[in-house]
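[1] Structure for the following, please:
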Amino acid sequence: MIIRHTVIAEWLKTIDIRKVQYMAGHRYVSSTERYNVMNLQELKDSLNKYHPMK
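    Next up is the predicted model:
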């Protein structure tokens, strides 16, 4: 199950959510949206780049 989650999360970084929905076999896009998580490092980088108190 962890591998499936990782693969879908990686797909979402570069592929349109509707295509990922189809590839993952999800009936509803809301099922695919659950996998749309930011990488912790990406979040830290964005915070450092855009936070006004930097």
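[2] Which of the helices or strands spans Trp11?
    helix 2-14 (DSSP states H and E).
[3] ditto for Tyr35
    When secondary structure is defined by DSSP H and E, Tyr35 falls outside every helix and strand.
[4] quick one: the helix or strand that comes right after the helix holding Trp11 to helix 2-14, angle?
    Scanning forward in sequence from helix 2-14 by DSSP H and E, the next helix or strand is helix 17-24. Relative orientation of helix 17-24 with respect to helix 2-14: 150 degrees, computed using axes from the mean of the first three to the mean of the last three CA atoms, to 10 degrees.
[5] Which strands or helices does helix 17-24 pack on?
    In this structure, helix 17-24 makes packing contacts with helix 2-14, helix 29-33, judged by 3 or more CB pairs under 8 Å, 6 or more residues apart in numbering; DSSP states H and E. All C-beta atoms are positioned from the backbone trio N, CA, C, and that covers glycine.
[6] circling back: tabulate the CA atom coordinates of the helix holding Trp11 in CSV.
    Extracted C-alpha coordinates of helix 2-14, given in CSV (Å, rounded to 0.1, in the frame of the first residue of the first chain):
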residue,chain,number,x,y,z
ILE,A,2,2.9,2.4,0.7
ILE,A,3,4.4,1.8,-2.7
ARG,A,4,1.0,2.6,-4.4
HIS,A,5,0.7,5.8,-2.4
THR,A,6,4.3,6.9,-3.3
VAL,A,7,3.8,6.2,-7.0
ILE,A,8,0.5,8.1,-7.2
ALA,A,9,2.0,11.0,-5.2
GLU,A,10,5.0,11.1,-7.6
TRP,A,11,2.7,11.0,-10.6
LEU,A,12,0.8,14.0,-9.3
LYS,A,13,3.9,16.1,-9.3
THR,A,14,4.2,15.9,-13.1
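[7] average pLDDT for it?
    Helix 2-14 shows a mean pLDDT of 88.
[8] so what's Val29 up against?
    When contacts are counted by CB atoms under 8 Å, 6 or more residues apart in numbering, Val29 is found next to Ile17, Arg18, Gln21.
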